[in-house]
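Asks: based on what follows, work out the 3D shape:
(one chain, ligands or ions: 1)
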Amino acid sequence: MSPSRSKRSGNIAEVQPTSHGSMESLPVDHLEWVEAWGMADKAMSYVFRPSTVERLEKVFALARETGRKIGLKGGGNSYGDAFLNEEGITLDLSRMNRILEWDPETGIVKAEPGVTLANLWQYIVEDGWWPAVVSGTMNTTLGGCLGMNIHGKNAYQVGPFGNHVLDFEILLPSGKRVHVTRESDPDLFHGAISGIGMIGVFTWIRLKVKKVHSGRLRIWAKQARNFHEMVELFEENASSMDYMVGWSDCIARGRNSIGRGEMHFARQLPPGEDRYAAQSLRADRQALPDNIVGLIPKSISWKLMKPFVNDWGMWLINTAKFHAQKRPGAEKPYFQSHAEFHFLLDYVPNWKESYRPGGLIQYQSFVPREHAARVFTEQIRLSQQRGIYPYLGVTKKHIPDDFLLTHGVDGYSLALDYPVTAKNRRALWRLCHEMDELVLAAGGRFYLAKDSTMRKGTVARYLPRENFERFKALKQRCDPEGLLSTNMFRRVFGASPAPDEQLERHHKGVANSA
Ligand SMILES: Cc1cc2nc3c(=O)[nH]c(=O)nc-3n(C[C@H](O)[C@H](O)[C@H](O)COP(=O)(O)OP(=O)(O)OC[C@H]3O[C@@H](n4cnc5c(N)ncnc54)[C@H](O)[C@@H]3O)c2cc1C
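Replies: Numbers count the residues shown, from 1 in each chain. As a prediction, the model looks like this:
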């Protein structure tokens, strides 16, 4: 019998024993609903939050005794089911959050996996350093950044997060703790990083951060009329800019307007240019503003967004933004702190709440340079034809990398935010599968940190065969009993029902528990 999912609150008293083992052996007071970041999926599981490696090891022993699977969770910022583990154990590593060593001369830091990017930049910035790669939110943990091998707005120059990792310690499901460098065990290094938490638990990580000579970046904003122009502007500016990103209005229609939007280019200041570098590098000078447009307290601003989170509201906002960008002087350079530039999505805390009750998913595809503008245009056109509009589109430029579950290509990615409703859910999943075919035909890839919809078999279609085989062999070597598993792993890789049946169950499960 499965645990009852009839109540959204997940009243633990109602949970019944499952087929996985005897209920007595796992403490019922650890049962919790764990929600995907995008809130469109959730799972009931036994959550443990160890603060030391020894406690972590005890959870592994408990899982083995009770026949449960373990899924790892960092900050919980993956949009889909990457850290959900229905009826199993969720090992939340956010309490293992100490910075263990820091050398301000070399920029080498050693830290536990639960240290967030916010913890890290606040610790190092005043010494003139910044993380080499950051995500669009600072709430991600180092363990999660390695687990997905995240990329930043400088991916086209410095590659993903894993490129900046020197070594790490990993606890394997066998109970063995291994110190790993690129040379000591290349497959373990390149497979655990990017390995979606399926190889072992990072217990500490040592990485190299990047020197900065000011707390500020010089930014240029430029308009692009469509994806083709956006790609041209990326290509023109790649050698002179340290960071680049494009924000597209995906509701705009018209043959030459698909993908139109604003691009941001940023350059670091060279040594000596910022005469007040000691001031601009202060952590408190990096902080994001407390108010939106100087007036609205950040804590309530998501409530004001709510009336606009629909097709018409989004059209209005996007159109207004596009025309505002045409005003005289809008393309003049300006300055922003590193945090302001990188963490735009953290400006409005809890903005995702405005997408309730259905939540949102993100669909991010990576397409080789020569096909990118065309495929992205087709994706938006298809979405518009199906009447399901993405409310945000973010484009970045990338390079390939050596990690086993790589999403990097010599090309571009487009991340699309789609609202999920009870009404559009099935059609949205179907749309994503149609878009998958466009990407696969162009030799593109996907990113599991953002995925909610991929069907079993797709990874084997986009990943180089050698990577796929090496990853499978690594999983077998490090976790022969298959102790580490998540909803995503079972959905995308696993021995599970046929794709359509699997999908149908998934929709029903989510609908019943809502
Ligand atoms: C607003 C927003 C903006 C984002 N912007 C970007 C972006 O610009 N670029 C980008 O690449 N991503 C971006 N992301 C996605 C995010 O960076 C990734 O999902 C990242 O992995 C989340 O880190 P986390 O600590 O929250 O990990 P979680 O989401 O909790 O976990 C991610 C994966 O890592 C595994 N994991 C966690 N801890 C460990 C550990 N100690 N050992 C082994 N495996 C572990 C988990 O099992 C899971 O598979 C964004 C997400 C949000 C919400």
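Asks: dump the residue contacts of Met454.
Replies: Met454 makes contact with 432, 436, 446, 448, 491-492 under the criterion C-beta atoms under 8 Å, 6 or more residues apart in numbering. All C-beta spots, glycine's among them, are computed from the backbone N, C-alpha and C.
Asks: pick the one among the residues you listed closest to the ligand.
Replies: The ligand lies nearest to Leu448 out of those, by C-beta to the nearest ligand atom, at 7.2 Å.
Asks: what number of residues lie near the nearest residue to the closest one once chain neighbours are set aside?
Replies: Closest residue in space to Leu448, ignoring its immediate chain neighbours: Ile196 at 5.4 Å, by C-beta to C-beta, 6 or more residues apart in numbering. Using other C-beta atoms under 10 Å, Ile196 has 24 other residues around it.
Asks: is Ile196 in contact with Leu405, as I believe?
Replies: Yes. Counting by C-beta atoms under 8 Å, Leu405 is a contact partner of Ile196 at 6.6 Å.
Asks: now do stretch 38-46, average pLDDT.
Replies: Regarding stretch 38-46, the rounded mean pLDDT is 98.
Asks: same check on stretch 148-163?
Replies: 98.
Asks: buried sites along that stretch?
Replies: For stretch 148-163, burial by neighbour count (16 or more other C-beta atoms under 10 Å) applies to 148-156, 158-163.
Asks: do stretch 449-469 as well
Replies: 449-456, 458-459, 462-463, 467-468.
Asks: export the residues you listed to TSV and tack on secondary structure, pLDDT and distance to the ligand?
Replies: Below are the buried residues of stretch 449-469 laid out as TSV (DSSP: H, G, I helix; E, B strand; the rest coil; pLDDT from 0 to 100; distance: C-beta to the nearest ligand atom, whole Å):
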residue	secondary structure	pLDDT	distance to the ligand
Ala449	helix	98	3
Lys450	helix	98	6
Asp451	coil	98	10
Ser452	coil	98	12
Thr453	coil	98	15
Met454	coil	98	14
Arg455	coil	96	18
Lys456	coil	95	17
Thr458	helix	97	17
Val459	helix	97	14
Tyr462	helix	97	17
Leu463	coil	97	16
Asn467	helix	98	17
Phe468	helix	97	17
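Asks: which members of the contacts of Met454 are positioned in helices?
Replies: If you go by DSSP state H, these have 432, 436, 491-492 in helices.
Asks: from the ligand, how far out is Ser485?
Replies: 10 Å (C-beta to the nearest ligand atom, to the nearest Å).
Asks: helix, strand, or coil at the residue nearest to Leu448?
Replies: On the three-state scheme (DSSP: H, G, I helix; E, B strand; the rest coil), Ile196 is labelled coil.
Asks: so what's it up against?
Replies: By C-beta under 8 Å, 6+ apart, the contact list for Ile196 reads 82, 147-148, 405, 448, 486, 488-489.
Asks: what residues go with each domain of this structure?
Replies: Following automatic domain parsing, one gets these domains for the chain: 1-92+484-514, 99-211, 216-354, 357-483.
Asks: flag whichever of those has the least confidence on average.
Replies: Among the domains of the chain, domain 1-92+484-514 has the lowest mean pLDDT, at a mean of 78.
Asks: re earlier: now the contacts of Ile196 as JSON lines including secondary structure?
Replies: JSON lines is the format used below for the contacts of Ile196 (three-state DSSP):
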{"residue": "Ala82", "secondary structure": "coil"}
{"residue": "Gly147", "secondary structure": "helix"}
{"residue": "Met148", "secondary structure": "helix"}
{"residue": "Leu405", "secondary structure": "coil"}
{"residue": "Leu448", "secondary structure": "helix"}
{"residue": "Thr486", "secondary structure": "coil"}
{"residue": "Met488", "secondary structure": "helix"}
{"residue": "Phe489", "secondary structure": "helix"}
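Asks: what subset of those residues is buried?
Replies: Members of the contacts of Ile196 classed as buried by 16+ other C-beta under 10 Å are 82, 147-148, 405, 448, 486, 488-489.
Asks: residues in the stretch 51-200 of the chain within reach of the ligand, list them.
Replies: Residues of the stretch 51-200 of the chain lying close to the ligand (C-beta under 6 Å from any ligand atom) are 72-78, 82-83, 93, 113, 135-137, 140-141, 143-145, 147-148, 150-151, 196-197.
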